[in-house]
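> okay, here's the prediction I keep looking at, along with the sequence it came from:
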Amino acid sequence: GNSVTQMEGPVTLSEEAFLTINCTYTATGYPSLFWYVQYPGEGLQLLLKATKADDKGSNKGFEATYRKETTSFHLEKGSVQVSDSAVYFCALTGGNQFYFGTGTSLTVIP
Amino acid sequence: NAGVTQTPKFQVLKTGQSMTLQCAQDMNHEYMSWYRQDPGMGLRLIHYSVGAGITDQGEVPNGYNVSRSTTEDFPLRLLSAAPSQTSVYFCASSTGGSAKNIQYFGAGTRLSVL
């Protein structure tokens, strides 16, 4: 079946630190992979996506590369800001459904 | 653009009561879905629809009904609320008939069942 496993949080970083949030997946076929972000009190919004192996999604300084050989889609950012504090969800599509990870809470302190 | 609009934002029910969570989108999206978000569980799909008149079950459909009579609206009905249905509910929509496209989420409905 389809599933997503992402690193548990919460994660606390100082401003300008390097961020990595690990995500691995299990899927049949060739899914598209996504990172969504949820700010406090809001719904999820798309951060970035990749639709095939070796694609790199990027947005707002965040990057993730679709690695078929390791079934991974790790999220990275070189220098986090306080405004990046949020919950991050890794997700994939399978058929007509989305499958989300459990979410990783990130807090960035000045 | 309004995007995806969910009402109400907050609701408290007693066990056994019924209610409908409303979801409307103004983007002419064919695909709509309902999720519940619980601590440590991420988002779990309840029901989805690939177009007007077509609905299907997701991962956790028990206790919930849906219908899709128009492209714009996708209400979620709780027929007899239970404390296990205390959660935050999100509606989402996307273009085309496939979930492979970007999903746009509403702001959520926080439901407490006492």
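Sure, I can see it.

> let me see the ranges of the strands in chain A.
Applying DSSP state E to chain A gives strands spanning A:3-6, A:11-14, A:19-21, A:23-26, A:33-38, A:44-50, A:56-59, A:62-65, A:75-77, A:86-94, A:97-100, A:104-109.

> who's in contact with whatever residue of chain B ends up closest to chain A?
Going by CB to the nearest CB, chain A is nearest to residue B:105 of chain B, at 3.4 Å. (C-beta placed from N, C-alpha, C; glycine too.) Counting by CB atoms under 8 Å, 6 or more residues apart in numbering or on different chains, residue B:105 makes contact with A:43, A:44, A:45, B:4, B:90, B:91, B:92.

> so where's chain B uncertain?
B:1, B:96-100 (pLDDT under 70).

> just give me the neighbour total for residue 9.
All of this is about chain A. Look at residue A:9: counted by other CB atoms under 10 Å in any protein chain shown, it has 15 neighbours.

> you answered for a different chain; I wanted chain B.
Residue B:9 has 11 nearby residues by other CB under 10 Å.

> quick one: it from residue A:40, how far?
14 Å (CB to CB, to the nearest Å).

> same question for residue B:93.
With distances taken as CB to CB, residue B:93 is found 23 Å from residue A:40.

> between these two, who's got more neighbours?
In terms of neighbours (other CB under 10 Å), residue B:93 is the more surrounded of residue B:93 and residue A:40; the figures are 27 against 7.
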